[in-house]
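Trainee: Here is the input, now give the coordinates:
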Amino acid sequence: MTAGIATWRRISARRTNSAVLDASKRRAAAFGLLLVAPPVLLVVGLILFPILSAVVSTLRIETPDGFAVSAANYVGFFQDRQSVANLAYTLWVTVVTTILLLAACLPLALHLRFSTGRLAAIVQSVALFPLFVPAIIVCYALVRFMGPNGVIATILAQLGIAGYQTPYLTEWGPVIGLFWEGVPLTLLVLLAGLGQVSSASIEAARDVGAGPAAILFAIVIPLIRRSLLVAFALDFLSIFGSFTTPYLLGPASPEIMSTYMQRTFIDLLKPIQAQTQAVVSFAVCAIVGILYVRAVSRNRRSAGE
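Mentor: Predicted structure coming up:
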């Protein structure tokens, strides 16, 4: 009898503790949802709702019988040579600048990761300096440096060298400016990824006779491939949506999609066409954004494991 009562008490205590734990978990979950509610609502109100509104506006056209759903605005966009040329130019600037950033910043990040001393600290400080300079200041400095009457042209003229062709207001102008701006972010992302590469694994590979190329492609690159993907996605998105640098350094035609949208909306007074251009641009960026989200999710799952 006594043993039965004791067993019943233990079962009751376990049930009580389980109920308390469940209630505590529910309160913690509710508190967590309460904390994330403001940013989620902000994202919905300032990002998702305008996107959906733009999509609905571009798909809703007026006909003699009323309003109807049609992709005529998007068909008109891809049938317009100027629109297609501007989209192609934007993709060209974005891809070329992103490739140049990765090609330049990866060796620099490797040097900073495995080097010590004052020189490495100075190099890193210089590489990160553009992070603290506004884009409009960068553009002004580049115009003064590489413009038709800038520093380069003056030095070449003093040396008796003629035929200098400035990249200012050409297709390469935005590439130079955006490359200068993108170095700090790309370098920081790659340095964060290289933090996962241990010096012990590098030394072990050297002990068995692995050369620099084998270490790079067999050890380093596989460990930082997600960081490379994150750097690619962030560079692509920031460059594709840039405005100030292409507007000040780029040609009048073709032009970056951001300046094209601004001119269509303000100068030509065609809001629906500008929204169509925005939706097309968002669709391109969404593809790269999905790659970025997948890379971040994989990193979090790997960290959890």
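Trainee: Just the pLDDT at the residue nearest to residue 182 when sequence neighbours are not counted, thanks.
Mentor: Closest residue to residue 182 apart from its sequence neighbours, by CB to CB, 6 or more residues apart in numbering: residue 101 at 4.9 Å. In this view, the C-beta of every residue, glycine as well, is placed from N, C-alpha and C. For residue 101, the pLDDT comes out at 95.
Trainee: next one: residue 265
Mentor: At residue 265, the model reports a pLDDT of 90.
Trainee: which one is it nearest to, not counting chain neighbours?
Mentor: residue 274 (3.8 Å).
Trainee: Mind telling me what element that neighbour is part of?
Mentor: Using DSSP states H and E, the element containing residue 274 is helix 271-304.
Trainee: List the buried residues in that helix.
Mentor: 272-282, 284-285, 288, 292, 295, 299 (16 or more other CB atoms under 10 Å).
Trainee: ok, back up a step: how close does the residue nearest to residue 265 sit to residue 281?
Mentor: 11 Å (CB to CB, to the nearest Å).
Trainee: Please enumerate the shared neighbours of the two.
Mentor: Counting by CB atoms under 8 Å, 6 or more residues apart in numbering, the shared contacts of residue 274 and residue 281 are residue 261.
Trainee: What is the helix holding residue 274 packed up against?
Mentor: Packing partners of helix 271-304 (3 or more CB pairs under 8 Å, 6 or more residues apart in numbering; DSSP states H and E): helix 49-59, helix 72-79, helix 81-114, helix 221-240, helix 257-262.
Trainee: Contacts only, for residue 55.
Mentor: residue 279.
Trainee: if I pick the residue nearest to the spatial centre of the chain, what's in contact with it?
Mentor: Taking CA atoms, centre = their mean, the centroid of the chain lies closest to residue 234, which sits 1.6 Å from it. For residue 234, the contact set (CB under 8 Å, 6+ apart) comprises 185, 186, 189, 292.
Trainee: Which one (most neighbours) among those residues?
Mentor: residue 186 (27 neighbours; other CB atoms under 10 Å).
Trainee: Any stretches of this protein with poor pLDDT?
Mentor: 1-33, 36, 43, 66, 299-305 (pLDDT under 70).
Trainee: hmm, 80 instead?
Mentor: 1-51, 54, 61-69, 114-121, 197-219, 291-292, 294-305 (pLDDT under 80).
Trainee: how about residue 133, phi and psi?
Mentor: With angles defined as degrees, to the nearest 10, residue 133 shows backbone torsions of phi -110, psi 120.
Trainee: Now do the SS call for residue 165.
Mentor: With DSSP: H, G, I helix; E, B strand; the rest coil as the basis, residue 165 sits in coil.
Trainee: nope, residue 61 is what I was after
Mentor: Residue 61 ends up strand, using three-state DSSP.
Trainee: ok, it - contacts?
Mentor: 67, 68, 69, 70, 72, 73.
Trainee: ok, what's across the strand from it?
Mentor: Per DSSP bridges, the residues bridged to residue 61 are residue 68.
Trainee: Surely residue 51 is in contact with residue 282?
Mentor: Yes. With contact defined as CB atoms under 8 Å, residue 51 reaches residue 282; the gap is 6.3 Å.
Trainee: Check the spacing between residue 239 and residue 251 real quick.
Mentor: Applying CB to CB, the value for residue 239 to residue 251 is 17 Å.
Trainee: wait, I meant residue 84
Mentor: 16 Å.
Trainee: Pick out whichever of those two has more residues nearby.
Mentor: Set residue 84 next to residue 251 and count neighbours by other CB under 10 Å: residue 251 wins out with 16 against 13.
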